[in-house]
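Visitor: Requesting a structural model of the entry that follows:
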Amino acid sequence: MRWLWLHVRMSLRLGGQDAWQVLGRLITGLTVAVLALVLGLLAIHQASAFLTIIAYLILAAVTYGFFVVRRLSGRNRLWRRETRIESHPGGRRLNLSLHFKGPVAMRLGPPTEFSCEVRDPAGAVHRAQHVGGGGSMVFCVYPVNFGQAPALTRGAYTVTWLERKLPGPSKWHPSDVSWFKVPN
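Guide: Below is the predicted model of the structure:
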């Protein structure tokens with residue numbers, strides 16, 4: 001049950017981020033509609049632009065719902081995740097990677113730092129001490145890059161990729177969350 005709540009909560013949050021990125025471009029249109037509403041009320045005492053504002057709110061709600069459903073179904077519009085289980089003499093390893101879907105040039109802005117958290121079947125969260133790559137692809141290996149993390153066992157795992165802007169301290173924001181089961 002805790003897994004389901006985490007899945008829904010992260011989908012709502014990431015769906016909100018996706019919707020804000022899309023709707024942020026429409027803020028100018030909303031501003032013009034509000035200005036038209038105020039001018040219409042002042043000049044002719046009619047709120048004809050009010051319908052435009054209602055339409056914008058409906059569009060925002062539908063867009064948010066669309067992105068939440070996409071996230072609940074495991075789709076991410078910016079990143080493609082790969083999770084592979086490999087056998088080694090020391091035990092099984094989980095190779096985790098995240099690839100940017102867009103052109104590499106879109107990632108050439110301010111530098112970013114990535115981190116990866118893995119929630120094991122027992123519910124313990126382990127954070128990677130080292131994440132390789134950068135820009136358009138990042139990767140790490142569980143349990144090798146996760147310090148004292150236990151060996152890979154059968155059960156459900158949750159992988160959360162976090163990102164923050166550099167330089168200076170800033171908040172970590174989830175970029176992708178995925179859930180999968182490790183077989184025997």
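Visitor: From Val69, how far off is the residue sitting furthest away from the middle of the chain?
Guide: Farthest-out residue of the chain from its mean C-alpha position, per C-alpha atoms, centre = their mean: Ile44, at 46.0 Å. The gap separating Ile44 from Val69 is 41 Å, by C-beta to C-beta, to the nearest Å. Backbone N, C-alpha and C define where each C-beta goes, glycine included.
Visitor: again, but for Gly40
Guide: Distance, Gly40 to Val69, by C-beta to C-beta: 36 Å.
Visitor: any idea how this structure splits into domains?
Guide: 2-72, 79-182 (automatic domain parsing).
Visitor: For this protein, which segments are assigned as helices?
Guide: 2-23, 27-44, 50-72 (DSSP state H).
Visitor: How many neighbouring residues does Val118 have?
Guide: The local packing of Val118 (other C-beta atoms under 10 Å) involves 22 other residues.
Visitor: who's in contact with it?
Guide: The contact partners of Val118, by C-beta atoms under 8 Å, 6 or more residues apart in numbering, come to Leu94, Leu96, Val125, His126, Ala128, Tyr142, Phe146, Ala149, Tyr157, Thr158, Val159, Thr160.
Visitor: which regions of the protein lie under the pLDDT threshold?
Guide: Counting by pLDDT under 70, the chain shows low-confidence ranges at 1-7, 10, 21-28, 30, 45-53, 71-76, 104-108.
Visitor: Please tell me how far the closest residue to Pro110 other than its chain neighbours sits from Gly109.
Guide: Of all residues not flanking Pro110 in the chain, Lys165 sits nearest, at 5.4 Å (C-beta to C-beta, 6 or more residues apart in numbering). To Gly109, Lys165 is 9 Å away according to C-beta to C-beta.
Visitor: Pick out whichever of these two has more residues nearby.
Guide: Set side by side, Lys165 and Gly109 show more neighbours around Lys165, with 14 against 8, by other C-beta under 10 Å.
Visitor: Look up how far Asn95 lies from Ser87.
Guide: With the distance defined as C-beta to C-beta, Ser87 ends up 12 Å from Asn95.
Visitor: of these two, who's got more company?
Guide: Applying other C-beta under 10 Å to Ser87 and Asn95 shows that Asn95 carries more neighbours, namely 14 against 9.
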